[in-house]
Structures are given as structure tokens and as C-alpha cells.
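Engineer: fold the following and give me the result.
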Amino acid sequence: MITNFFIPELNNHDVQELWFQQDGATCHTARATIDLLKDTFGDRLISRFGPVNWPPGSCDLTPLDYFLWGYVKSLVYADKPQTLDHWEDNIRRVIADIRPQMLEKVIENWTSRLDYIRANRGSPMPDIIF
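Structural biologist: Model (predicted):
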């Protein structure tokens, strides 16, 4: 996927200032994967075994982790899809239905999370923040 889709798509954009961040999942940190990402992003790779180590507790800071995946998953599986086509249709529908106002709220929440982390000198966040 990285070689056949991601890298060619990046070639269509100016990525000189782009940073890439991923978690420490084994498939993400295989030597071949890290080498490929280092070749593409150089020192702008945030990953376990990358030039910039994945920060502990960073799911507190990543809107995809603390919001989007759970939100999308809850709606995708709401009608218990039984086929791959149904599942894919649900994913497309749920993503398409996300409104800019919702994303604005997510970004507001994200900035408050950053403020919390700064004020607490990098300490992990409590499990629930309202």
C-alpha cells in the first residue's frame, strides 16, 4: 500500500515540509517499512524506530485515535453489515456524513488536550475528558 498508493500520491504534492506519524504497531515498524518511510520523509518521521520516537500516550493527542475511529466504527457496525460490500458502503457513507462543524469541535478539543499536556509537562491525560 505504501509503495503502490501512498508514495505515488505524495509525488503529486509538495511534501518537503510534511511530517509522517504512525504508532508502534509491528506492521508499521518492520525494518522494510521504516526504511521506506525514512527514504521518503527523512528526519520528519515520527515512529517507533524512526528518527523521532513515537511519544508515549500520544493517543491523547491524535484525533484519529481519541475520536474518529471509535465514532466511525460505532456507526459502521450499527446495522451489523454481513457482506464486504455492505461494510464498505457503510464506511463511505459515515465518512461522507461527517460535517465540518463536527471536525471544528474535534480541533477545539485537540487544542485543549495540547494545553493540558503542556500544563502537566507531558503527563498522560485522564481517561475521560469532557
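Engineer: check which residues of stretch 70-83 are buried.
Structural biologist: Buried residues in stretch 70-83, counted by 16 or more other C-beta atoms under 10 Å: 72, 75, 76. Where C-beta positions appear, they are placed from N, C-alpha and C, glycine not excepted.
Engineer: sort out for me which of these are in helices.
Structural biologist: Taking DSSP state H, the ones among the buried residues of stretch 70-83 that sit in helices are 72, 75, 76.
Engineer: now for this structure, the helix or strand with the poorest mean pLDDT.
Structural biologist: helix 63 (a mean of 78; mean pLDDT, DSSP states H and E).
Engineer: ranges for the strands of the protein?
Structural biologist: Secondary structure of the chain by DSSP state E: the strands cover 20-21, 45-46.
Engineer: quick one: which of those strands is nearest residue 98?
Structural biologist: strand 20-21 (20.9 Å; C-beta to C-beta).
Engineer: okay if I get the ones in helices among the buried residues of stretch 70-83 as TSV plus distance to residue 23 and pLDDT?
Structural biologist: TSV is the format used below for those (distance: C-beta to C-beta, whole Å; pLDDT from 0 to 100):
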residue	distance to residue 23	pLDDT
72	17	92
75	23	96
76	21	96
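Engineer: now residue 43. Nearest residue, chain neighbours left out?
Structural biologist: Among residues not flanking residue 43 along the chain, residue 51 sits closest, at 4.5 Å (C-beta to C-beta, 6 or more residues apart in numbering).
Engineer: quick check: the one you found vs residue 99, distance?
Structural biologist: For residue 51, the distance to residue 99 equals 37 Å [C-beta to C-beta, to the nearest Å].
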